[in-house]
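*Asks:* test case, fold it:
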Amino acid sequence: MSAKSTSVENLFSDMHLDILKELGSMGTAHAATALSKMVNKKVTMPVPRVAWMDFQDVANFVGGPENIIVGILVSLSGNIQGMMMSLMELESAHRIVELVIGTPPPEDTLQFGEMERSVVEEVGNIMLSSYLSSLAGLTNSQIKPSIPYMCVDMANAILSVPASEFGRMADKMLFIESKIDVENIQFSGCFVLVPNLHSFFRILRGLGAE
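*Replies:* Numbering: from 1, shown residues only. Next comes the predicted model:
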């Protein structure tokens, strides 16, 4: 089978998707606990929607291809290699900063100071690490994420990074919707996992594929 002809939806059964939904549930529980300690407030996160999604559909989920968003990217090494990204709208990123350090959003929402960037990167890192830890447990794999990198750009530009490097192996990426409620203040975003070809099949085997 060629990398180009790989169809994620055909390879993953409903059983595999159910297991991946469990990944989302476990990751959400870990993330809520970690974020609660960080902001010193009660954090709740409903069970997320998990699906294999087209690159274009992910862009539409965060406001459209030309919408300016915040992306936190980590490269993955170890048994599972590829990229994972946290994507959120600008307003959500600034409101998270305000919760953590009390800094109100600037007039120019495209701007993030050094401290603000550090907060957003740390929150993204906490969330990404929670899901990666759950994935490592489900697939009995060792996953080593890089230092998180934050970028502010159009959704299409941010998503073009994993698409150009790993999109050749499949036409889908693993999409995990995230909703965060901090004392009735709600934020929304998503996570996307794009493994390389070898890691893709390792995940399949780890989920019980023949």
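
*Asks:* what residues are up against residue 34?
*Replies:* For residue 34, the contacting residues are 126, 130, by Cβ atoms under 8 Å, 6 or more residues apart in numbering. The way it works is simple: take the backbone N, C-alpha and C, and place the C-beta from them, glycine included.

*Asks:* just the element for it, please.
*Replies:* Element membership of residue 34 [criterion: DSSP states H and E] is helix 14-39.

*Asks:* residue boundaries of the strands in the protein?
*Replies:* Using DSSP state E, the strands of the chain run over 43-44, 50-53, 68-78, 82-89, 143-145, 149-154, 173-182, 185-195.

*Asks:* could I get the buried residue list for the fifth one?
*Replies:* What that stands for is strand 143-145. 143, 145 (16 or more other Cβ atoms under 10 Å).

*Asks:* which residues of this protein score low on pLDDT?
*Replies:* 1-16, 166-171, 208-210 (pLDDT under 70).

*Asks:* ok so, going back, quick one, which of the strands of the chain is packed in tightest?
*Replies:* strand 82-89 (a mean of 24; mean count of other Cβ atoms under 10 Å).

*Asks:* neighbours around residue 147, how many?
*Replies:* For residue 147, the count of nearby residues is 8 (other Cβ atoms under 10 Å).

*Asks:* mind listing what the closest residue to it other than its chain neighbours touches?
*Replies:* Spatial nearest neighbour of residue 147, excluding adjacent residues (Cβ to Cβ, 6 or more residues apart in numbering): residue 74 at 7.6 Å. Taking Cβ under 8 Å, 6+ apart as the criterion, residue 74 is in contact with 83-85, 125, 128, 145-149.

*Asks:* what sits against residue 49?
*Replies:* Contacts of residue 49 by Cβ under 8 Å, 6+ apart are 24, 175-177.

*Asks:* let me fix that, I meant to ask about residue 103.
*Replies:* Neighbours of residue 103 in contact, by Cβ under 8 Å, 6+ apart: 97, 113, 115-116.

*Asks:* give me that answer again for 6 Å
*Replies:* For residue 103, the contact set (Cβ atoms under 6 Å, 6 or more residues apart in numbering) comprises residue 97.

*Asks:* distance of it from residue 149?
*Replies:* Separation of residue 103 from residue 149 (Cβ to Cβ, to the nearest Å) stands at 21 Å.
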